[in-house]
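Asks: Sequence first, predicted model second:
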Amino acid sequence: MYALVLVEIGVKNVDKYFTYHIPDNLEDKINIGIRVKVPFNTREISGFVIKIINKIEDNNYEVKDILEVIDNEEVLNLELLKLGEYISSKTLCSMITAYQTMLPKALKANHKVAMKPKNEVIAVLNKDTSEIYEYISICSYKKQVEILKSIIENGSVKVISSNISSVTSLANKGLIKTISREVYRYNDNTIENKHTVFLNEEQSKVVKEVIDNLNTNNTYLLKGVTGSGKTEVYMHIIKEVIDRGMQAIMLVPEISLTPQIVSRFRQRFNNEVAVLHSGLSDGERYDEYRKIKKGLVKIVVGARSAIFSPFQNLGVIIIDEEQVTSYKQENNPRYHTRDVALFRCKYHNCPLVLGSATPSLESYARAKKGVYRLLTLNKRANNKLMPEIRIVDMKKEIRNNYHNISLELENAIKEKLDKKEQIIILLNRRGYSSMLTCKDCGEVIKCPNCDISLTYHKTSNTLRCHYCGYGTKVQDTCPSCYGRSLTMYGLGTEKLEEELVKKFNARVVRMDLDTTTSKKAHSKIIKDFLDQKYDILVGTQMIAKGLDFPNVTLVGVINADASLNIPDFRSSEYTYQLLSQVSGRSGRDKKEGIVIIQTLNPEHYSIKYAKDHDYDGFFNYEMRIRKKLGYPPYYYLTLIKILSRDYQLCMKEANKVGEFLRKNLPSDVIVLGPSIASTFKVNNIYHFQCIIKYKKEDDIKEVLRTIDNIYKINTKVRIEMDIDPVRL
Ligand code: ADP
Ligand code: ZN
């Protein structure tokens with residue numbers, strides 16, 4: 001027998017399959033999807049068995065033996081194998097890239113360090129308790145008595161270096177025996193059963209619709225305003241799913257940002273929950289993954305990669321905040337979690353629930369067309385009204401010398417501080433100042449590797465590039481004219497924090513990428529703010545989503561224009577979503593909440609519809625624009641990036657790619673570019689791009705694959721294909 005083995009060597013995007021002979025002693029251990037070690041040139045590498053064949057055709061090369069089997073069961077089951085094929089055809093990645101991305105590090109092919117389950121040894125009784133008591137009555141060793149009593153009381157005792165000699169002598173007498181058992185590294189102690197919430201009428205209707213159809217492959221879009229109790233709905237659906245002996249995947253955008261949801265699930269479902277997110281160590285992740293695989297848990301709560309949880313009998317997949325762009329992986333394979341979920345739900349014939357207060361235009365359009373089933377929650381669960389939103393025109397404020405914080409926001413902050421209520425302030429820009437400019441010659445200090453201005457960080461007193469991580473000391477002379485008039489512009493969260501402390505003498509905590517680098521930092525800030533150790537939480541968009549602080553009654557948005565000005569056709573949509581989400585943090589509990597949004601564009605429709613909590617109004621307006629300009633959801637897009645360190649070469653190849661696309665794609669496909677990408681140079685690599693717009697996906701795949709194949713092996717120019725990009 002022979003096996004076709006897929007390995008990862010050389011160029012990552014090119015699949016390499018090799019045939020190996022299966023030695024007799026391994027024959028009954030080798031299945032499709034298992035990892036094996038094989039000889040390759042002078043090395044040993046590992047790979048996945050993809051196919052088993054009886055005979056191979058005559059060949060003139062030597063077929064080597066498989067050396068060993070790595071795991072005692074397959075790491076890729078039939079479903080994952082098929083899913084890999086789907087991801088590969090959908091995103092144009094290689095099979096090996098697709099498989100590697102689905103597995104935790106410890107189970108990938110060619111993982112260098114062997115990861116082992118962690119075991120502990122425990123001692124348990126080997127005789128009746130009456131015999132044990134008999135021994136205790138005559139035993140003169142205090143330690144042995146202690147151990148025996150502890151085992152009687154607790155069922156077992158962990159064997160450690162300090163008790164091993166006593167344990168051994170007790171075991172030699174046949175009174176106890178030692179056994180080895182597996183322990184799981186991830187530990188979270190929030191276990192405590194909380195009472196179940198009784199659903200209100202709206203919620204019950206939604207839950208009923210889904211659980212009455214658990215054996216159908218419906219896709220639901222649950223559109224529920226912030227605080228309408230979507231999480232509660234998810235938990236009720238999942239309860240039904242596990243009661244019927246099936247499993248559930250619950251996805252959230254980024255767990256470290258929403259620790260509250262994990263504890264809610266743990267409180268409700270105890271240790272039937274596994275957690276998968278980027279904050280876990282490789283060992284913890286490996287253990288959580290194995291718990292899922294062995295069926296020791298029934299629910300996974302996790303971020304994007306949890307969509308690959310190897311459940312055998314899935315009953316539902318839920319994607320909360322379905323509009324969030326982090327559900328799309330930014331590097332190869334550029335898959336969208338929603339697409340993977342659609343595939344898996346179809347495979348398991350179970351429903352997919354997409355939830356959001358502000359669904360993506362694509363999903364809402366599908367729901368309106370009847371492709372998805374629309375479910376709605378129009379009221380907040382506790383019948384609270386949505387917060388009042390006020391818009392402040394910063395053009396006027398600046399004339400009156402209010403630059404960063406308007407008079408209206410200032411007064412509101414004072415009032416809330418007096419009442420001992422809490423405040424959230426959003427500023428979507430980290431650092432102290434976003435730009436250092438020379439007043440004499442106009443020079444902007446840019447990153448030497450990127451075409452991006454450097455941001456000043458006061459805490460570290462450095463200028464830093466937010467794209468490549470470059471950092472440098474702050475100069476006081478202009479590198480261009482040697483003048484001494486360098487001035488800082490642009491407010492960042494660091495400076496805002498400083499200003500708030502000074503102005504209001506308040507207790508302020510900041511949450512952005514810079515204050516949350518350590519593992520537990522997020523949850524600490526969130527907990528401290530919840531415990532009212534601070535009055536004001538300042539932060540970037542990471543404070544906008546999913547947090548539930550009952551005492552927050554004021555949300556301020558410093559600069560709503562930041563997201564309006566990004567060069568992306570979705571900037572209005574992102575702005576609407578951000579403003580709605582952050583507004584949803586205000587007045588969630590008993591007290592009324594308000595929201596104050598500062599902007600230079602008070603007439604912009606994103607801001608006006610957000611003010612009125614009018615998602616449908618926004619949707620209809622934005623859809624007309626998308627239609628006119630030919631953007632999603634009316635057209636599909638693919639972004640083709642041409643990258644090189646050599647500017648001239650990059651431009652030349654970009655033109656070639658453009659020509660090739662125009663010549664080979666069907667005439668109704670629109671090709672834009674090549675043009676300079678919005679991030680023109682990052683890390684000394686130039687970016688050009690072409691965008692294609694089309695109605696049918698099948699029309700373009702072959703042509704894109706052709707280009708992809710040409711550049712796969714080119715060392716000077718690289719191509720990146722992003723099908724359905726979430727960012728331009
Ligand atoms: P969402 O996820 O839609 O923002 P949550 O599920 O977080 O909303 O619910 C908001 C708040 O309302 C939470 O504190 C939750 O415990 C509470 N809640 C949800 N449903 C109910 C209900 N049926 N009865 C009472 N309280 C509820
Ligand atoms: Zn840089």
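Replies: Yep, that arrived. Residues are numbered from 1 along each chain as shown. Ligands and ions are numbered 1, 2, ... in the order given.
Asks: If you average the pLDDT over the host helix or strand of residue 207, what comes out?
Replies: Per DSSP states H and E, residue 207 falls inside helix 201-211. Helix 201-211 carries an average pLDDT of 97.
Asks: now stretch 546-558
Replies: In the prediction, stretch 546-558 has an average pLDDT of 92.
Asks: what does stretch 149-168 give?
Replies: 90.
Asks: Then stretch 563-572?
Replies: On average, stretch 563-572 scores 90.
Asks: What residues sit buried inside that stretch?
Replies: Residues 563-564, 569-572 are the ones in stretch 563-572 that count as buried (16 or more other CB atoms under 10 Å). For the C-beta atoms, the positions are set from N, CA and C on the backbone; glycine is no exception.
Asks: Residues contacting the biggest strand by length in the chain, please?
Replies: Scanning the chain for the longest strand, with DSSP state E as the assignment, gives strand 670-682. For strand 670-682, the external contacting residues (CB atoms under 8 Å, 6 or more residues apart in numbering) are 449-452, 467-468, 567-568, 630, 635, 641-642, 651, 654-655, 657-658, 661-662, 665, 686-694, 728.
Asks: The buried residues of stretch 563-572 in strands, which ones?
Replies: Using DSSP E, none of the buried residues of stretch 563-572 sit in strands.
Asks: Check those and tell me the two furthest apart.
Replies: 563 and 569 (13.1 Å; CB to CB).
Asks: List the neighbouring strands of the longest strand of the chain plus their orientation.
Replies: Strand 670-682 has the following strand partners under DSSP bridges: strand 685-694 (antiparallel).
Asks: now the strand it pairs with: how far from the chain's centre is it?
Replies: From the chain centre to the centre of strand 685-694 is a distance of 25 Å (CA atoms, centre = their mean, to the nearest Å).
Asks: any bit of it sitting next to ligand 2?
Replies: No. Residues of strand 685-694 contacting ligand 2 under CB under 5 Å from the ion: none, with a closest distance of 10.6 Å.
Asks: After that strand, which helix or strand is next?
Replies: Defined by DSSP H and E, the subsequent element after strand 685-694 is helix 698-712.
Asks: returning to that earlier point: could you dump the longest strand of the chain to CSV, C-alpha only?
Replies: Extracted in CSV, the C-alpha atoms of strand 670-682 (Å, rounded to 0.1, in the frame of the first residue of the first chain):
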residue,chain,number,x,y,z
ILE,A,670,-14.9,45.8,-14.8
VAL,A,671,-11.1,46.2,-14.2
LEU,A,672,-9.9,49.2,-12.3
GLY,A,673,-6.2,50.2,-12.1
PRO,A,674,-3.5,49.5,-11.7
SER,A,675,-3.2,52.3,-9.2
ILE,A,676,-1.2,53.1,-6.1
ALA,A,677,-2.6,51.4,-3.1
SER,A,678,-3.7,53.6,-0.2
THR,A,679,-0.8,52.2,1.8
PHE,A,680,1.6,52.8,-1.0
LYS,A,681,4.8,51.8,0.7
VAL,A,682,5.0,49.6,3.8
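Asks: Pull out the buried positions in it.
Replies: Here strand 670-682 shows 671, 673-674, 676-677, 679-682 as buried, counting by 16+ other CB under 10 Å.
Asks: my guess is residue 118 contacts residue 287, does it?
Replies: Yes. With contact defined as CB atoms under 8 Å, residue 118 counts as touching residue 287 (7.3 Å).
Asks: for the stretch 1-150 of the chain, what are the low-confidence residue spans?
Replies: Residues of the stretch 1-150 of the chain meeting the criterion pLDDT under 70: 11-12, 111-115.
Asks: mind listing the strands for it?
Replies: Assigned by DSSP state E, counting those that start in this stretch, the stretch 1-150 of the chain shows strands spanning 2-7, 16-21, 35-40, 43-53, 68-69, 118-125.
Asks: Can you list the strands that the last one pairs with?
Replies: To tie it back to what came earlier, the one meant is strand 118-125. Every partner of strand 118-125, by DSSP bridges, with its direction: strand 157-158 (antiparallel), strand 176-183 (antiparallel).
Asks: Which strands or helices does the helix or strand containing residue 652 pack on?
Replies: Under the criterion of DSSP H and E, residue 652 resides in helix 647-664. Applying 3 or more CB pairs under 8 Å, 6 or more residues apart in numbering; DSSP states H and E, one finds that helix 647-664 makes contact with strand 636-644, strand 670-682, strand 685-694, helix 698-712, strand 717-723.
Asks: Sounds good, over and out.
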